[in-house]
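pasting the sequence and the predicted coordinates here, then a few questions.
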Amino acid sequence: MRWDVFAWAAFALVLFAAEAVLPGAFMLWLGFAAAAVFVAVWLLPVEVPLLAQVAAFVALSFVSIRIYQRWFRGRERDSDQPALNRRTAALVGRMAVLDRAIVDGRGRVQIADAYWDVAGPDLPAGARVRIIGGDAMTLQVEAAE
């Protein structure tokens, strides 16, 4: 077996192994390009110059990554819990009781075991409020009816 055929096979395997260790679907596509160059170099009866092999790898890498970006990356499934890692968005619509009165637009509520700063119209402690939005650690509230 020629050294360049062996080198492309080993390079493809290293890229596939790197994808297994560092997932992200990037090394996988480079591995496909290296595997394609391996097959081409192995099957062609003439010896292909190393510069042409590297150029083919670069071109095939670009094509395979573009295929991934166009057809696979944009087809991710919609989550059944879109607000999972956005805690304030997950609380929108929920009712709460003011732990500390809203004075000058600022107050506090307790939800489960956490205290949240709130912003909204001035209301006394103990008033029921509805969460209508939020940013970072401050919830936007309105008086509940």
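Yep, it's here.

helices of this protein, start to end?
Secondary structure of the chain (DSSP state H): helices at 3-21, 27-43, 50-67, 87-91.

just want the most central residue of the protein.
Gly24 (9.4 Å; CA atoms, centre = their mean).

pLDDT score for that residue?
We have a pLDDT of 71 for Gly24.

okay, now the domains of this protein?
The chain resolves into domains spanning 3-75, 87-143 when parsed by automatic domain parsing.

flag every buried residue along the worst-scoring helix or strand of the chain on mean pLDDT.
Every helix and strand of the chain was ranked by mean pLDDT, DSSP states H and E. The lowest is helix 87-91, at a mean of 81. The neighbour-count check on helix 87-91 (16 or more other CB atoms under 10 Å) flags 88, 91 as buried. In this view, the C-beta of every residue, glycine as well, is placed from N, C-alpha and C.

then stretch 118-132?
Neighbour count says stretch 118-132 has 118-120, 123, 127, 129-131 buried, by 16+ other CB under 10 Å.

poorly predicted segments of the chain, please.
1, 25, 73-77, 79, 81-85 (pLDDT under 70).

hmm, try it at 80
Flagging of the chain using pLDDT under 80 yields the residue ranges 1, 23-26, 71-87, 136, 145.

my guess is Phe16 contacts Trp29, does it?
No. Counting by CB atoms under 8 Å, Phe16 sits too far from Trp29 to count as a contact (10.6 Å).

those two - which one has more neighbours?
Between Phe16 and Trp29, Trp29 has the larger neighbour count (other CB atoms under 10 Å), namely 22 against 16.

ok, the more buried one - contacts?
61, 64-65, 67-68 (CB atoms under 8 Å, 6 or more residues apart in numbering).

again with Gln140
Contacts of Gln140 were listed using CB under 8 Å, 6+ apart, and they are 118-120, 131-134.

chain neighbours aside, what residue packs nearest to it?
Spatial nearest neighbour of Gln140, excluding adjacent residues (CB to CB, 6 or more residues apart in numbering): Gly133 at 4.0 Å.

can you give me the neighbour number for that neighbour?
For Gly133, the count of nearby residues is 15 (other CB under 10 Å).
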